[in-house]
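Asks: return a 3D structure for these sequence lines:
(chains A and B)
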Amino acid sequence: MPEFTLWDIVYNLLLAARWTVLLSLVAFVVGGVVALLLLLVRTAGSRWASRLVRGYVELFQGTPLLMQLFILFFGLPLIGIDVSPWIAAMLGLTLFTSAFLTEIWRGCVESVNKGQWEASATLGMNFTQQMRYIILPQALRIGIAPTVGFSVQVVKGTAVTSIIGFVELTKAGSMISNATYAPFTVYGCVAVLYFVICYPLSLYARRLEGKLHNVSR
Amino acid sequence: MSLVELHAIHKSFGAVQVLKGIDLKIDEGQVIALIGRSGSGKSTLLRTINGLETIDDGTIMVAGKKVGDHDTDLLDLRLNVGMVFQQFNLFPHYTALENVMLSPQVVKKQSKSEARAIAEEMLVKVGLADKMTHYPDQLSGGQQQRVAIARALAMKPRVLLCDEVTSALDPELVNEVLAVVRQLAEEGMTLVMVTHEMRFAREVCDTLVFMHHGRIHEKGAPEAVFANPKTPELANFVGGLAG
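Replies: From the prediction side, this is the model:
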């Protein structure tokens, strides 16, 4: 029976951690773009469109991420679309992220003083100009800290994709643990790696929050 | 033809009827003050003139064009009608100069140098030549309000609406803002203001409009309105001020 050194374990986990980071990045960036579009529809669109976006957000906020992944992974093949674990994981996390970011950013936009909308409107600006020059720059400052904070949730959310067989950090951990019979060491290392990814994000979010409270512009 | 013509304006907020049929004509160069108790509908009336409040019934004509519900109509309207708010509403992330420059650049597509020249001219006019690079939170309330006036003027509106522009100011800062408004009136700017500064209204305006329960109750030259109120409501209002 082969012997596994601690380095063997950590090295293989590190390889798998690349997928965790990549999945987080894709989910966060694509989810962010989708969220921005949904936010614009939610703010500017007709009552009907805005309700649709609200329903979307409620749906993803009100169901476990695991169920969303199951439905994508087992449901799409039923209608003839074959999805790999990677596609299902990416799609699921992106939808999940977009729903949460839409809601976070909507709160930020709404926290911008109503007078800012009125003043820019009386100066003749249309919705796009108001958003671009007046509202979003202010909402962005309010939104940076909670957005970075949420990115931690996305990183931890990637662990769930191990269930549908996507080999990221957690899945690699369970595979290595099966081979080494050293679950405590392996999962300990897994936890440390998650912490190494997430802690700097948390720290950064906290620093941004502190900064935001000190200056108003 | 008058610059602004309001005809049979009706407006309700839910079950509360705020404007019950307002007719008002505003001529070029006229300086009008809307007075009355809080809740009489004067701020709402002012805000219908530039479409910040939609109306339930009636027509609004500005510079000969009927104001409709379409966005393009509203944008058109707002090029003619400037507004200054009680709470200033300066853009906190821009300097005083940028606040004034932004709309000419973005809405009127003026070049940066053009917009800058106009903005500087307007800020000098309101006495803030030395504060151009300051952000709103580095300015006093009176200075912020003067920037707001300069910002509205930079769009070269034909009429300027002033919604209680001194009500949020500390007493010692009121006069610097009123001085600017007075100067505009003297230069022939068309002004419609909601104000509680009765002495100022009396000195600067050529017409006072007294509103009561959503209607125009009395209207006339300041001296006449103050000296000989025709209705008990106005007499009461004027008397209440003196007491």
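
Asks: and chain B, which residues reach chain A?
Replies: B:50, B:52, B:71, B:75, B:78-79, B:81-83, B:85, B:87, B:89-93, B:102-103, B:106-108, B:135, B:137, B:148, B:151-152, B:155 (C-beta under 8 Å from any C-beta of the partner chain). C-beta here means a position set from N, CA and C on the backbone, and glycine is covered the same way.

Asks: where does B:V192 fall, helix, sheet strand or coil?
Replies: What DSSP: H, G, I helix; E, B strand; the rest coil gives for B:V192 is strand.

Asks: before we move on, what about B:G58?
Replies: Criterion first, three-state DSSP; result for B:G58: strand.

Asks: ok, and what's touching stretch A:98-113?
Replies: A:30-32, A:34-36, A:38-39, A:42-43, A:53, A:56-57, A:59-61, A:134-136, A:138-140, A:142-143, A:146-147, A:150, A:153, B:89 (C-beta atoms under 8 Å, 6 or more residues apart in numbering or on different chains).

Asks: one step back: can you tell me which of the residues of chain B next to chain A are buried?
Replies: B:50, B:52, B:75, B:78-79, B:81-83, B:85, B:87, B:89-93, B:102-103, B:106-108, B:135, B:148, B:151-152, B:155 (16 or more other C-beta atoms under 10 Å in any protein chain shown).

Asks: inside helices: which ones of those?
Replies: B:75, B:78-79, B:102-103, B:106, B:148, B:151-152 (DSSP state H).

Asks: what would those look like in a markdown table with pLDDT?
Replies: As requested, those are exported to a markdown table (pLDDT from 0 to 100):
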| residue | pLDDT |
| --- | --- |
| B:L75 | 84 |
| B:R78 | 90 |
| B:L79 | 91 |
| B:L102 | 97 |
| B:S103 | 97 |
| B:V106 | 96 |
| B:A148 | 98 |
| B:R151 | 98 |
| B:A152 | 97 |
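
Asks: biggest separation within those, which pair?
Replies: B:L75 and B:A148 (20.1 Å; C-beta to C-beta).

Asks: ok, longest helix in chain A?
Replies: Longest helix in chain A by number of residues (criterion: DSSP H): helix A:6-44.

Asks: which stretches in chain A count as helices?
Replies: A:6-44, A:47-61, A:65-70, A:76-78, A:85-111, A:114-122, A:127-129, A:136-157, A:169-180, A:183-214.

Asks: the longest one packs against which elements?
Replies: Think helix A:6-44. Of the remaining helices and strands, those touching helix A:6-44 by 3 or more C-beta pairs under 8 Å, 6 or more residues apart in numbering or on different chains; DSSP states H and E are helix A:47-61, helix A:85-111, helix A:136-157, helix A:169-180, helix A:183-214.

Asks: which strands and helices lie in contact with the third one?
Replies: The one in question is helix A:136-157. By 3+ C-beta pairs under 8 Å, 6+ apart, helix A:136-157 packs against helix A:6-44, helix A:85-111, helix A:183-214.

Asks: nearest to B:R199, of those?
Replies: With distances scored as C-beta to C-beta, the stretch of those nearest to B:R199 is helix A:85-111 (39.0 Å).

Asks: any idea of the angle that closest one forms with helix A:136-157?
Replies: In terms of direction (axes from the mean of the first three to the mean of the last three C-alpha atoms, to 10 degrees), helix A:85-111 departs from helix A:136-157 by 150 degrees.

Asks: so how far is helix A:85-111 off the chain centroid?
Replies: Relative to its chain's centre, helix A:85-111 lies at 6 Å (C-alpha atoms, centre = their mean, to the nearest Å).

Asks: how about that helix: buried residues?
Replies: Under 16+ other C-beta under 10 Å, the buried positions of helix A:85-111 are A:85-86, A:88-106, A:108-109.

Asks: neighbouring contacts of stretch A:143-151?
Replies: A:24, A:28, A:97, A:100-101, A:104-105, A:108, A:201-202, A:204-206, A:208-209, A:212.

Asks: now do 7 Å
Replies: A:28, A:100-101, A:104-105, A:108, A:201, A:204-205, A:208-209, A:212 (C-beta atoms under 7 Å, 6 or more residues apart in numbering or on different chains).

Asks: distance between it and the chain's centre?
Replies: For stretch A:143-151 - counting by C-alpha atoms, centre = their mean - the centre lies 10 Å from the chain centre.

Asks: and the helix-or-strand element of chain A with minimal mean pLDDT, what's buried?
Replies: Scoring the helices and strands of chain A by mean pLDDT, DSSP states H and E places helix A:183-214 at the bottom, with a mean of 87. Within helix A:183-214, the residues that count as buried by 16+ other C-beta under 10 Å are A:185-186, A:189-190, A:193-194, A:197-198, A:201, A:204-205, A:208.

Asks: can you read off the pLDDT for the residue of chain B most remote from its centre?
Replies: Within chain B, the residue lying farthest from the chain centre (C-alpha atoms, centre = their mean) is B:S113, at 28.2 Å. Confidence at B:S113, expressed as pLDDT, is 97.

Asks: which SSE is it in?
Replies: helix B:112-125 (DSSP states H and E).

Asks: ok now that helix, how far from the chain's centre?
Replies: With C-alpha atoms, centre = their mean, you get 21 Å for helix B:112-125.

Asks: swap in stretch B:180-199?
Replies: Worked out by C-alpha atoms, centre = their mean, stretch B:180-199 lies 9 Å from the chain centre.

Asks: please save the CA atoms from it in CSV.
Replies: Taking Å, rounded to 0.1, in the frame of the first residue of the first chain, the C-alpha atoms of stretch B:180-199 are listed here in CSV:
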residue,chain,number,x,y,z
VAL,B,180,-28.7,85.7,-5.3
VAL,B,181,-32.4,85.2,-6.0
ARG,B,182,-33.0,88.9,-5.8
GLN,B,183,-30.2,89.5,-8.3
LEU,B,184,-31.8,87.0,-10.7
ALA,B,185,-35.2,88.7,-10.3
GLU,B,186,-33.6,92.1,-11.1
GLU,B,187,-31.9,90.7,-14.2
GLY,B,188,-35.3,89.7,-15.5
MET,B,189,-35.3,86.0,-14.9
THR,B,190,-38.7,84.4,-14.7
LEU,B,191,-39.1,83.0,-11.2
VAL,B,192,-41.7,80.9,-9.4
MET,B,193,-40.9,80.4,-5.8
VAL,B,194,-42.5,78.7,-2.9
THR,B,195,-41.4,80.6,0.2
HIS,B,196,-42.1,81.4,3.8
GLU,B,197,-39.9,84.5,3.7
MET,B,198,-42.8,87.0,3.4
ARG,B,199,-40.7,90.1,3.7
